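Chemist: Any chance you can model this:
(2 chains)
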Amino acid sequence: MPVSEQNTQLPLVETTPKRRFARLLTFKDALRLPIIIWQALFFIAPLIFMVAMSFFIVRNYRMTEAFEMKNWLKMMSRDYFWDSYGLTIGLATLATLVVMTVAFPAAYTLAFRVSENTRRWAVFLLIIPFFTSYLVRIFSWYVILAESGVINAMLGYIGLGPYIMLNTQFGTIVGYMTLTLPLVIILQTLSLANIDWSLVEAAHNLGCRPWRTVFCIVLPLARTGLIIAAVFCFILSFGDFVSPYYLGGSKPPTLPILIVDTVKSGQQWPRAAVVAVVMMVTLFIVAFGGIAAAYRRRVR
Amino acid sequence: MADALVEFDSVVKKFGDFTAVERMNFTIDEGEFVAIMGPSGCGKTTTLRMLAGLEEPSEGEVRMQGRVMNAVPAHERDTPLVWQSLALFPFLNARENVEFGLQMRGVDAAARRKKALDWLDRLEIGEFAERNISSLSGGQKQRVALARSLVTEPRILLLDEPLSALDANLVIRMQSMLTRLQRELGITFVYVTHSQSEAFAMADRVVIMSRGRIAQIGAPKDIYRAPDNRFVAEFVGRNNIISGKIKSSSGKSVLINGSLGDFKVSLGGRAKPSPGDEGSFVIAADLVHLSSKKPRAGNQIECSLISEEFIGSVVTLFLEAKDGSEFKVQIQERELADMDLKHMGKVFVSWDPERAHYIGAD
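Modeler: Predicted structure coming up:
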């Protein structure tokens, strides 16, 4: 915990340990205490436990405390693990690209082409999907995507199909989009709406065609918000269990499915912990990389 | 007459029910420095934006070199604008900002870099070429914005209150730089401002706007000494406006009867009004003579001194006439010191009828 600056700069008063403790618990610190305790109890401690657990071993279907590299060596040497890892990253990246691309025209319209009142309503309506359970929304896709579902029925009228969409990676992407699209549109809209429109007009004024302005002016100005939207989209998709399981058919499994499978088959909690740690590290890298890119300044 | 570069032909601009510009007709000549001046909301910025293609006229035509420009989009015009907010791109450095217009025109990297650096040098900020916009001072940003607009060598430059964010000293320096640039380049400047001192200091011709209409167009001196109407007289300079009924008219002058007595006013070139009509005249605060003794004859008003505004060598005195109306007088501080006036003391103002300026009824 930081000792207040005054203490470090002006050591005029002799600080006994007792006094220092009293200084540490000022009112301001007391306000911070609940969040620190919360984080320590429910975030840092479980995280440490999870990392520790990845070194435990399972004997006769019972987990035993230990410190062995067995789980790590086993998981890291298995092709199915790396296949899963590649698939999960691939699907999450694809979903992020698709969602960012689909969301952008909508966000652009909401930010620049409609009145402020319409924008407020639109953002409100985009929040509504979050009122219903994600699982319910995923199941509703069954009706639409199934072999005898709405889409195939319509395609049948014009003599196409039926296409298999459930239990495919297409289904997984649809599920990821259900989860992330409203949030990404909201985040993109807010970051675009903050753009000073006179900069866009200035670009037109200097001979920049409208389409080019989007890439030359709008994207660089909205960079921070857009990158954060993409990072959110990736994190949510990467860690999602429901979509790849129910719409993607879980074969081949993504990492969240692999965790569930590993736990179910032979109580392999420690090996599941290995997968979870790898996922955490991946997301940390993506989040830090993304935020660094979002807030990068040109230093001169 | 020089070629008309820009023509506004019965131009109207409406935003919903609000009419921002109402039947505007005027021309701007090649190489002219025109200032469009008026209070906020008078339509001056809308006029400039129509020139830049950022607004489309609702009616009428805007022509440039004879070509109708109404539907020509902004990016196809060569009408760079210097924005009030400067609108410099924060993700580009000074040089890249200046290069932007050239880049959009497909100039290759080496050529546009050279041109941009030349312009930054010309505006005396070459040493800041690679600096971030956020690390530049107000005056430096101003110069980057100017360089960015001028680098494509346009025939016309539009300026929307570009000096309003600068402090007074810097404004004077930028004014002389702008007039020098305009003379050297020989291009047309259209300068929108609400500041009389900026407009009068730089422009060849000033367009005064009020509520979407042109109130007067003329050289700064003409507008200052011969306002066309009450709005211009009140907006420009320090003028006293006296209204009344026309008592008689004879040849080149009229006699106006107001609540403070009869005043003889020269008509200038104006049409002769008939007796009984309403009429007003303007007498500028600096053309009034002040005395503590009653003058023998001529236009005069007895007043008492209310307050004074001292801004250096010139002092503005605020007087009150018998009917309660305010009267402003500007005299040299040195002169005032000799007069020894007292607060609420009685003074007489008088003026030469030739100096009063008849403005009709409005």
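
Chemist: tell me the strands in the stretch 51-200 of chain B, going along the chain?
Modeler: Assigned strands in the stretch 51-200 of chain B, in chain order: B:59-64, B:67-68, B:81-82, B:156-160, B:188-193 (criterion: DSSP state E, counting those that start in this stretch).

Chemist: Figure out which of these is closest to residue A:285.
Modeler: Smallest distance to residue A:285 across these (C-beta to C-beta): 44.7 Å, for strand B:81-82. No exception for glycine: its C-beta is placed from N, CA and C like everyone else's.

Chemist: mean confidence for the closest one?
Modeler: Averaged over strand B:81-82, pLDDT sits at 96.

Chemist: Now do it: which elements does it pack against?
Modeler: Using 3 or more C-beta pairs under 8 Å, 6 or more residues apart in numbering or on different chains; DSSP states H and E, the elements in contact with strand B:81-82 are helix B:138-150, strand B:156-160.

Chemist: can I get the ones you listed in a markdown table with mean neighbour count and mean pLDDT?
Modeler: Below are these laid out as a markdown table (neighbours: other C-beta atoms under 10 Å in any protein chain shown; pLDDT from 0 to 100):
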| stretch | mean neighbour count | mean pLDDT |
| --- | --- | --- |
| helix B:138-150 | 22 | 94 |
| strand B:156-160 | 23 | 96 |
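
Chemist: Next, count neighbours for the residue of the stretch 1-150 of chain A at minimum distance from chain B.
Modeler: Closest contact between the stretch 1-150 of chain A and chain B, by C-beta to the nearest C-beta, is at residue A:115 (11.9 Å). A count of nearby residues for residue A:115, using other C-beta atoms under 10 Å in any protein chain shown, gives 8.

Chemist: quick one: it from residue A:109, how far?
Modeler: 12 Å (C-beta to C-beta, to the nearest Å).

Chemist: What of residue B:268?
Modeler: Look at residue B:268 and residue A:109: by C-beta to C-beta, they are 58 Å apart.

Chemist: what about residue A:154, which helix or strand?
Modeler: Using DSSP states H and E, residue A:154 sits in helix A:150-157.

Chemist: Could you name the helices and strands sitting against that helix?
Modeler: Helix A:150-157 packs on helix A:134-145, going by 3+ C-beta pairs under 8 Å, 6+ apart.

Chemist: Can you name the residues in contact with the helix it packs on?
Modeler: A:129, A:149-151, A:165-166, A:171, A:174-175, A:178-179, A:242-243, A:246-247 (C-beta atoms under 8 Å, 6 or more residues apart in numbering or on different chains).

Chemist: again, 10 Å this time
Modeler: A:129-130, A:132-133, A:149-153, A:163-168, A:170-171, A:174-175, A:178-179, A:240, A:242-243, A:245-247 (C-beta atoms under 10 Å, 6 or more residues apart in numbering or on different chains).

Chemist: Check these for burial and list the buried ones.
Modeler: Among these, those classed as buried by 16 or more other C-beta atoms under 10 Å in any protein chain shown are A:149, A:151-152, A:165-166, A:171, A:174-175, A:178-179, A:240, A:242-243, A:245-247.

Chemist: Quick check: residue B:179 touching residue B:202?
Modeler: Yes: using C-beta atoms under 10 Å, residue B:179 is in contact with residue B:202, at 5.1 Å.

Chemist: between these two, who's got more neighbours?
Modeler: residue B:202 (23 against 16).

Chemist: So the more buried one sits against residue B:193, correct?
Modeler: Yes: applying C-beta under 10 Å, one finds residue B:202 in contact with residue B:193, separated by 9.0 Å.

Chemist: what's the overlap in contacts for the two?
Modeler: B:35, B:159, B:163.

Chemist: Let me have those residues in JSON lines, extended by distance to residue A:216.
Modeler: Shown next, in JSON lines, are those (distance: C-beta to C-beta, whole Å):
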{"residue": "B:35", "distance to residue A:216": "32"}
{"residue": "B:159", "distance to residue A:216": "24"}
{"residue": "B:163", "distance to residue A:216": "28"}
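
Chemist: got the contact list for the closest residue to residue B:87 other than its chain neighbours?
Modeler: Take residue B:87 and drop its neighbours on the chain: the residue closest to it by C-beta to C-beta, 6 or more residues apart in numbering or on different chains is residue A:202, 3.9 Å away. Contacts for residue A:202 were tallied using C-beta under 10 Å, 6+ apart; they are A:196, A:208, A:213, A:217, B:52, B:54, B:74, B:80-83, B:85-89, B:97, B:100-101, B:145, B:148-149.

Chemist: Just confirm residue A:202 is within a strand.
Modeler: No: secondary structure of residue A:202 (DSSP: H, G, I helix; E, B strand; the rest coil): helix, not part of a strand.

Chemist: Restricted to helices, list the contacts of helix A:134-145.
Modeler: Residues of these located in helices (DSSP state H): A:150-153, A:170-171, A:174-175, A:178-179, A:242.

Chemist: Tell me where chain B has helices.
Modeler: B:44-52, B:94-104, B:109-122, B:138-150, B:168-185, B:196-202, B:220-225, B:230-235, B:333-339.

Chemist: Least reliable of those by average pLDDT, please.
Modeler: Set side by side, the helices of chain B give their lowest mean pLDDT on helix B:333-339, at a mean of 80.

Chemist: and for that one, what are the contacting residues?
Modeler: So helix B:333-339 is in contact with B:290-292, B:308, B:310-315, B:317, B:329, B:331-332, B:345, B:347, going by C-beta under 10 Å, 6+ apart.

Chemist: who are the neighbours in contact with residue B:33?
Modeler: Applying C-beta under 10 Å, 6+ apart, the residues near residue B:33 are B:157, B:178-179, B:182-183, B:187-191, B:199, B:202-206.

Chemist: which residues touch the residue positioned nearest the centre of chain A?
Modeler: Taking C-alpha atoms, centre = their mean, the centroid of chain A lies closest to residue A:235, which sits 2.0 Å from it. By C-beta under 10 Å, 6+ apart, the contact set of residue A:235 is A:92, A:96, A:180, A:282-283, A:286-287, A:290.

Chemist: Show me which pair in these is furthest apart.
Modeler: Most distant of the contacts of residue A:235, by C-beta to C-beta, are A:180 and A:282, 17.3 Å apart.
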